[in-house]
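Visitor: Take a look and give me a structure for this.
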Amino acid sequence: MNIPFSPPFIDQSVIDQVVDTLHSKWITSGPKVKALETEIMNLTGSKAAVCVNSWTSGAIMMLKWFGVKEGDEVIVPAYSYCATALCVLNCGATPVMVDVLDDFTIDPKKIKKAITSKTKAILAVDIAGWPCHYDSINKLIRDPDINKLFVPESEKQAAMGRIILIADAAHSIGAIYKGVPSAQKSDIAIFSFHAVKNITTAEGGCICLNLPVIFNNKDEYNFLKIFSLNGQNRDAFAKAMGANWRYDILFKGLKINMPDICAAVGLAQIRQYPTLLLPLRKKIAMKYCRMFSMFPWFIPPALKDRNRESSYHLFPLRVKGITEAERDEIIDFLLSKGIVVNVHFIPMPMLTYFKSIGYDIEDYPNSYKQYSCEISLPIYPQLTNVEVDYIIENTIEAVQLHLEKSNLIEIAS
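Guide: Just a heads-up that it's a prediction; the model follows:
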């Protein structure tokens, strides 16, 4: 049996949406993007949604929008994909990495210790679709003593009057926090629609705005649409519909708009997401937990508690007491059985570039601890019951064989 890790969900409705876009003869940003933005607002309850061509470009744009620049600091978890820190570096600022909790999310106590007068933003990452401790982080950034440290250096920063909270929600579309979509718990939440995500546009992302009342979210939406199109005040679709051909460049923008041909894929998927795609992911996750919980080596992933529920983007299996090398042997066994698994993530301080600029994994022991025993199992709507059973059986066999081997070595020594 051959089971890929995370193929995109492509059914007839997706094909029909793409074909409709092609027949319309309008494939760059246009009505499909606007329709997708509306669906995202409906799903998340956000005040505005701006589709862009990737999570990374969206994060860079929002940091620039807030005035983040050279000399500033942005707090990020050490345990994340590289884009979380690279977007900060691409604004000229410094990513201040802090360690994570056992549930993979950024540690609020570590955030507090890392805040300085240079801190402008916190990028909190919803790893695997599991929301961060947003109540604790929101309480922290509104603490009067913390606010005394905040030094506004742009118009947006002065209006905000505090550190901005941006959710790296790349994994967490559909996640819930205290009964509402988790996107509402940050000032800005940015989703990824990369090919392996719960909803995909092949490449893409979306910025959800839930800014304080001093901001007009609709006005900021209009500004960001211009920002994402080179600062141009009239987009191609408006001109094609008979608007004045004359345009102007209002400021130094970016070119990061999402095209309709990509939005069409996401539009078809999001309309099935709450009733079909997300429940199927949850069903698989629950079955994994039910079967693995019979074994003492299983560390259950955080999926649901009284305040939060995951989007079930990943199933981060952790095996108690194993080393990184032992984890890799289990992965090799599963690959030999045709099961493609992954690891989420290699902590950023372990990567060559970040090591070269001074980050050291020794400073983030819990990030390494979680990484060293983590294996991401396939979890997506197209998986059949037979395939899920095959993954479970072989994962149990792989771990049990490894543990028996380790015991034999200990007895022999």
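
Visitor: Where does the prediction get shaky in the stretch 201-350 of the chain?
Guide: Along the stretch 201-350 of the chain, the model assigns pLDDT under 70 to residues 236-243.

Visitor: Can you read off the pLDDT for the closest residue to D168 other than its chain neighbours?
Guide: Leaving out its chain neighbours, the residue that sits closest to D168 by Cβ to Cβ, 6 or more residues apart in numbering is V125, at 4.1 Å. (Each C-beta comes from the backbone N, C-alpha and C, glycine too.) You'll see V125 listed with a pLDDT of 98.

Visitor: State the distance from V125 to G58.
Guide: Per Cβ to Cβ, to the nearest Å, V125 is found 14 Å from G58.

Visitor: Next, R246: secondary structure please.
Guide: Per DSSP: H, G, I helix; E, B strand; the rest coil, the secondary structure class of R246 is coil.

Visitor: For it, grab the count of nearby residues.
Guide: A count of neighbours around R246, defined by other Cβ atoms under 10 Å, yields 8.

Visitor: before we move on, the earlier item: who are the neighbours in contact with the residue nearest to D168?
Guide: For V125, the contacting residues are 76-77, 79-80, 84, 105-106, 132, 167-168, 170, by Cβ atoms under 8 Å, 6 or more residues apart in numbering.

Visitor: got the residue ranges for the strands in this structure?
Guide: With DSSP state E as the criterion, the chain has strands at 48-52, 73-77, 94-98, 119-125, 164-168, 176-177, 180-181, 188-192, 205-209, 298-299, 308-309, 315-319, 374-377.

Visitor: Are there helices or strands packed against the longest helix anywhere in the chain, and which ones?
Guide: Scanning the chain for the helix with the most residues, using DSSP state H, yields helix 385-412. Using 3 or more Cβ pairs under 8 Å, 6 or more residues apart in numbering; DSSP states H and E as the contact test, the elements touching helix 385-412 are helix 278-292, helix 324-336, strand 374-377.

Visitor: give me the number of residues near Q232?
Guide: By other Cβ under 10 Å, 18 other residues sit near Q232.

Visitor: my read: it touches K252, true?
Guide: No - with contact defined as Cβ atoms under 8 Å, Q232 does not reach K252; the gap is 11.4 Å.

Visitor: Now N233: closest residue in space that isn't a chain neighbour?
Guide: Closest residue to N233 apart from its sequence neighbours, by Cβ to Cβ, 6+ apart: D248 at 5.0 Å.

Visitor: okay, now the one you found: neighbour count?
Guide: D248: 8 neighbours (other Cβ under 10 Å).

Visitor: Can you tell me the centre-most residue of the chain?
Guide: Geometric centre of the chain, nearest residue: A170, 1.7 Å, by Cα atoms, centre = their mean.

Visitor: what's the closest non-adjacent residue to that residue?
Guide: Closest to A170 by Cβ to Cβ, 6+ apart is S192, at 3.7 Å.

Visitor: so how far is V399 from that neighbour?
Guide: Counting by Cβ to Cβ, the gap from S192 to V399 is 30 Å.

Visitor: next one: H171
Guide: Distance, H171 to V399, using Cβ to Cβ: 25 Å.

Visitor: Compare neighbour counts for the two and give me the winner.
Guide: Between H171 and V399, counting by other Cβ under 10 Å, H171 is the more crowded of the two (27 against 24).

Visitor: Next, the contact list for the more buried one, please.
Guide: H171 is in contact with 126-129, 192, 197-198, 311, 313-314, counting by Cβ under 8 Å, 6+ apart.

Visitor: now do I190
Guide: Counting by Cβ under 8 Å, 6+ apart, I190 touches 55, 58-59, 62, 166-170, 205-208.

Visitor: from those residues, which is closest to S356?
Guide: S356 lies nearest to A59 out of these, by Cβ to Cβ, at 22.0 Å.

Visitor: Quick check: closest non-adjacent residue to the closest one.
Guide: With Cβ to Cβ, 6+ apart as the criterion, A59 has its nearest non-adjacent residue at 3.8 Å, and that residue is C87.

Visitor: so the one you found touches M61, yeah?
Guide: No - using Cβ under 8 Å, C87 makes no contact with M61, being 9.1 Å away.

Visitor: Neighbour count: these two, which is higher?
Guide: Legend: neighbour count by other Cβ under 10 Å for C87 and M61, higher for C87 (28 against 22).

Visitor: give me every residue that touches the more buried one.
Guide: When contacts are counted by Cβ under 8 Å, 6+ apart, C87 is found next to 56, 59-60, 63, 123.

Visitor: Most neighbours among those, please name it.
Guide: Using other Cβ under 10 Å as the neighbour criterion, A59 leads those with 29 neighbours.

Visitor: Could you report the pLDDT at that residue?
Guide: Here, the pLDDT recorded for A59 equals 98.

Visitor: for it, what are its contacts?
Guide: Shown in contact with A59 (Cβ under 8 Å, 6+ apart): 83-84, 87, 123, 166, 168, 190.

Visitor: Show me the domain layout of this structure.
Guide: Per automatic domain parsing, the structural domains of the chain span 12-270, 274-412.

Visitor: Among those domains, show me which one is buried the most.
Guide: Ranked by mean neighbour count, the domains of the chain are led by domain 12-270 with a mean of 20 (mean count of other Cβ atoms under 10 Å).
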